[in-house]
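Peer 1: using only what follows, build the 3D model:
(chains A and B)
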Protein chains: 2
Amino acid sequence: MNEQQPVQLRVGLAQVDTRVGDLAGNAELVTTWTAKAADAGAHLVVFPEMTLTGYPAEDLVLRESFARASELAVVDLAATLAERGLGDVAVVVGYLAHTSGSGPAPVDRPPTDDDRPGDANPRRGAPRNAAAFLHGGEVVARYYKRHLPNYGVFDEARYFVPGNELPVVRLHGVDVALTICEDLWVEGGPCGVAGQAGVDLVVSPNASPYERAKDDLRLPLVRRRAAEAHAPIVYCNQVGGQDELVFDGDSMVVGADGELLARAPQFVEHLLTVDLTLDPSARSHRAEGRIGPMTVTRHVLSEEPVAAFEAQPSTVVKPLTDCEEVWRALVMGLRDFIDKNGMKSVVLGMSGGIDSALVAALAVDALGADRVHGVGLPSKYSSEHSLSDAHDSANRLGMHYSVVPIAPMVDAFHGSVDLTGVAAENLQARVRGTLLMGLSNQHGHLLLATSNKSEVAVGYSTLYGDAAGGFAPIKDVPKTLVWDLARWRNEHARGRGDTEPIPQNSIDKPPSAELAPGQQDSDSLPSYEELDAVIADYVDRDLGMAELLERGHDAEVVARVLRLVDMAEFKRRQSAPGTKISLKAFGRDRRLPITNRWRESLPSVREGAAS
Amino acid sequence: MNEQQPVQLRVGLAQVDTRVGDLAGNAELVTTWTAKAADAGAHLVVFPEMTLTGYPAEDLVLRESFARASELAVVDLAATLAERGLGDVAVVVGYLAHTSGSGPAPVDRPPTDDDRPGDANPRRGAPRNAAAFLHGGEVVARYYKRHLPNYGVFDEARYFVPGNELPVVRLHGVDVALTICEDLWVEGGPCGVAGQAGVDLVVSPNASPYERAKDDLRLPLVRRRAAEAHAPIVYCNQVGGQDELVFDGDSMVVGADGELLARAPQFVEHLLTVDLTLDPSARSHRAEGRIGPMTVTRHVLSEEPVAAFEAQPSTVVKPLTDCEEVWRALVMGLRDFIDKNGMKSVVLGMSGGIDSALVAALAVDALGADRVHGVGLPSKYSSEHSLSDAHDSANRLGMHYSVVPIAPMVDAFHGSVDLTGVAAENLQARVRGTLLMGLSNQHGHLLLATSNKSEVAVGYSTLYGDAAGGFAPIKDVPKTLVWDLARWRNEHARGRGDTEPIPQNSIDKPPSAELAPGQQDSDSLPSYEELDAVIADYVDRDLGMAELLERGHDAEVVARVLRLVDMAEFKRRQSAPGTKISLKAFGRDRRLPITNRWRESLPSVREGAAS
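Peer 2: I've put the predicted structure just below:
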């Protein structure tokens, strides 16, 4: 290789939106974006984690037919790229590997003669979370993810066998090491091994779900790994929604010295290119074989550096503000759930309150006004303003809107069964749910539930009533943030000279379910400021009673809120999926038993827990 | 220790029904059953896995306040046992250990400076699935489960840090090794280490969920481990229901030679005692320290053998027949869900069909007739026999029964919105669901959903309609088994000279949802024999298209069924929990994405998968 001068390389980060299970479609996506990268003069293109299968594929990973198809798909893809004249571009793509039988066993579950029929993993060979290095129509090298996250929303120990090999591919004289996502989070992991082995560049396909303020974590993290690897790190993250998760992209390249060289925008498919100038000749050694817990393998593709070219300045996108970031996450999560599931339109009940007004605005931003149908469902307890605000909201958004009073149905039920108190309140909510599901079935709309995280937490919603729906866009948004988002969205509209999409009245009026005369949320709940603060500490941070009181929450409020949260687990288990934006969302992220006698109390009165 | 003669030991296996989260209640349970064992003359009593916390505690394990309380509870328990004069009995009890900070890190997730706030595990010290050996008011030894199941319904890699120490406690001259559940499933695991170290007895607390025909697996398994350990194995499994799981007990003791020495009945709390005659003097060596992957520690409690006593013959209960076993599992799963959640009574819709008739019979067996309320909800499409059969069913069971025709409500909806076809069919189901939930809210009954596994699989149910309910007792029972169980239950009644609980008419008539004139299930579904066979292979065994055709299923039926199963995922995600009895139940056991473009097809036409 050229010993004397630095070597240039143009790297493309293809931050794409894949579809879970769509091997053929995702392969086509890779081909399309590789062509774009080639047009942009890239020599190496990096795609997100498990590009071909989509992420997370969950138990599809255990389906042998799917795993085998993925193995075939990555080989086909290499050939297709070459056929389309893209063989000279090096492509790093994620996929599901299925090294039948061979390789180490799944975590904690070695295949033995004792395997039960019910136990999928051991009998299914070795599924791996893999990245392939494609070039010249061939799969040049394969990397198997070493560190498998198995906390929060991640279950990778359920699915994958960890890898212990670190392939390093020499491209144009540059040694490129492959890693995947979680490998970056572990000190002394593959990046440390790469650092000891001696490499010029580390690429990292990712599927890192959006979480509020999470990007504040990624950059310093990538910096630490770059320092450990003594090489620049190319971090490519996917974008798009997948059930409860949304991925924000935010791909970046960080130099060996920790300098942020390039950063992609969030929540849009994007090709980020960066021109790197590397100096392989400055590297003292190039080790291979056993290093620490891994085995380093070297693959030489080409020694010849690329012809010198004029480096282009790369873009470093500034992160979005908190509210805009959350808004974009919610819009993308909703849009992708609807579109990827082939739904044409959505319907929602409009109460004139802030929650339905916000969901309507999100839906219109996500799908366009013509795909959004609002229905006002007034009862005898509905105030004047609830109908007028709902109508105003729909007008501002230009969406479809109609009104169906619920009295005839409610009266018919009361004529047949004797329902009072909460039963009568829930009846109204369920009549609305039944009406909306009827319209959903009749017209093929997907019903959107408008519950927010504060309500979902304390069970302040009616099962099969206002909780009904195929998707709950603001399920993980606390009420206080619902108001902040509404104000931000209106301000954003003003800034662009557009009509404010959310009626000020819906923002200002005191929240009420209007299921009983003069009812207000504050009758049965603490202030939303107090409630959301307790929820953040109890649900998101999982703090116990002693810690909650230490943090200054009111003891009586804590006791009430915790009881409500604990009691509502059975409702949450039947609730619609919604986009995760918080540290810990209800759903796959927080997995508590329904049958659960534990009640938080102070250690000194621990025995009371059973009563 | 006594070198010349064999040593006797009376061992008790306390197969108890614990409650998740009820540390104080479960501790009391241990004290009560230890007293029973002491009265029976036992020297050693073994309780199930995680006795004090209940199993599975799911994300409660990550709650630091709960983990700390569990650590205190096991120490308190040791003291309490001594205070109650039970200090001389050795007790092996399961609990959640919380060795703060210390110890190895969670699987694949070493604590580093990179830990994200969202990542509970690393920051929370080291939670472990533990067993404590209690004696004389003290915790004499602690064992930490080594092999953590993380497949099917198990997520132990999410929660626990694996152990690498094998404590061996000498009690009356007998060396007792501790293991936990999954450790038994692994060849060369702790039992192998115990065999190399030299022990006289292995105890194994378990939480092994019931699955049809699973007990056929346990005995040969325990036999293999006994041979590996060169010692008898005491296998104690819990009983009782916990959300979707039911534990059947089936505790057993197997001799070093593989002989089944004792076996407890299924589905009842039970104290099984067995008198062992061991010969420590025959053992060639007693190693400690590092052996294979583990470190063996020795703890001497007492060298003096127990005074010779007359050994009692122990009982070996014969396994139940398939139908009786399933029936008992369903009854226990339902009863424990209702009772452990503090519900007083249940309500269900009675259609005169086999599903509701079977669920009513299960509910009466589980709760008693006085706690079960049936409601007939006829529509204009209901046949004569549907009302009369429903009434007959309720009469035979002696349960509460009332009738509410749904026409007035259905008509009211039709007066307000235009619903036709499937939308009109679903409307009837949702009016029923709303009526039943109204009665549930008004009277505090828990609503039972009557959907069976065949319907849940293909989505042949109405969301918020017949799928509504807090628990679905036969959710994991295929329709063909529903009929078998009904026939068995009637036959069982005849055998005891009781009234047959299920109307023959409900068993014999062709199944129909009666949502449209003359409608029958066979109009839109294949025969249930065909359907259930495909479901068993596709859902339970996770087979792909090629394998399904190889197994002789009709190609057209397979294509139809798979499409229906794939499309119904969003409904299942909102369905009520129900007792798992099969290889793979819907719910925690099978985790597929809702947004999923993968469709099974023959490999040759793999690309078609995307269309």
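Peer 1: elements contacting the longest helix anywhere in chain A?
Peer 2: Ranked by residue count, the top helix of chain A under DSSP state H comes out as helix A:421-443. Packing partners of helix A:421-443 (3 or more Cβ pairs under 8 Å, 6 or more residues apart in numbering or on different chains; DSSP states H and E): strand A:345-350, strand A:372-376, helix A:407-416, strand A:445-447, helix B:407-416, helix B:421-443. In this view, the C-beta of every residue, glycine as well, is placed from N, C-alpha and C.
Peer 1: okay if I get these as CSV plus distance to A:A533, mean neighbour count and mean pLDDT?
Peer 2: Output for the helices and strands packed on helix A:421-443, formatted as CSV (distance: least, Cβ to Cβ, whole Å; neighbours: other Cβ atoms under 10 Å in any protein chain shown; pLDDT from 0 to 100):
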stretch, distance to A:A533, mean neighbour count, mean pLDDT
strand A:345-350, 29, 25, 98
strand A:372-376, 32, 25, 98
helix A:407-416, 36, 18, 98
strand A:445-447, 31, 23, 98
helix B:407-416, 42, 18, 98
helix B:421-443, 30, 23, 98
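Peer 1: so for B:V89, which of the ones you listed sits nearest?
Peer 2: Among the helices and strands packed on helix A:421-443, the nearest to B:V89 by Cβ to Cβ is helix B:421-443 (45.9 Å).
Peer 1: picking up where we left off before, save the helices and strands packed on helix A:421-443 as TSV, and put in distance to B:L348 too.
Peer 2: Shown next, in TSV, are these (distance: least, Cβ to Cβ, whole Å):
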stretch	distance to B:L348
strand A:345-350	29
strand A:372-376	31
helix A:407-416	18
strand A:445-447	26
helix B:407-416	19
helix B:421-443	7
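Peer 1: out of these, flag the one nearest B:F133.
Peer 2: Of all those, helix B:421-443 sits nearest to B:F133, with 46.4 Å by Cβ to Cβ.
Peer 1: these two touch, right, A:V61 and A:Y159?
Peer 2: Yes: under the contact definition of Cβ atoms under 8 Å, A:V61 touches A:Y159, with a separation of 4.3 Å.
Peer 1: which one's more surrounded, these two?
Peer 2: Ranked by neighbour count (other Cβ atoms under 10 Å in any protein chain shown), A:V61 and A:Y159 place A:Y159 first, with 29 against 26.
Peer 1: list the contacts of the more buried one.
Peer 2: A:61-62, A:127, A:129, A:148 (Cβ atoms under 8 Å, 6 or more residues apart in numbering or on different chains).
Peer 1: what's the neighbour count on the residue lying closest to A:A57 once chain neighbours are set aside?
Peer 2: Leaving aside its chain neighbours, A:A57 sits nearest to A:V20 (5.4 Å; criterion: Cβ to Cβ, 6 or more residues apart in numbering or on different chains). A:V20 is flanked by 24 other residues according to other Cβ under 10 Å.
Peer 1: mind listing the shared neighbours of A:V61 and A:Y159?
Peer 2: Counting by Cβ under 8 Å, 6+ apart, the residues touching both A:V61 and A:Y159 are A:P127.
Peer 1: tell me the helix or strand right after the lowest-mean-pLDDT helix or strand in chain A.
Peer 2: Using mean pLDDT, DSSP states H and E, the weakest-scoring helix or strand in chain A turns out to be helix A:120-123, at a mean of 40. Next helix or strand after helix A:120-123 toward the C-terminus (DSSP states H and E): strand A:127-135.
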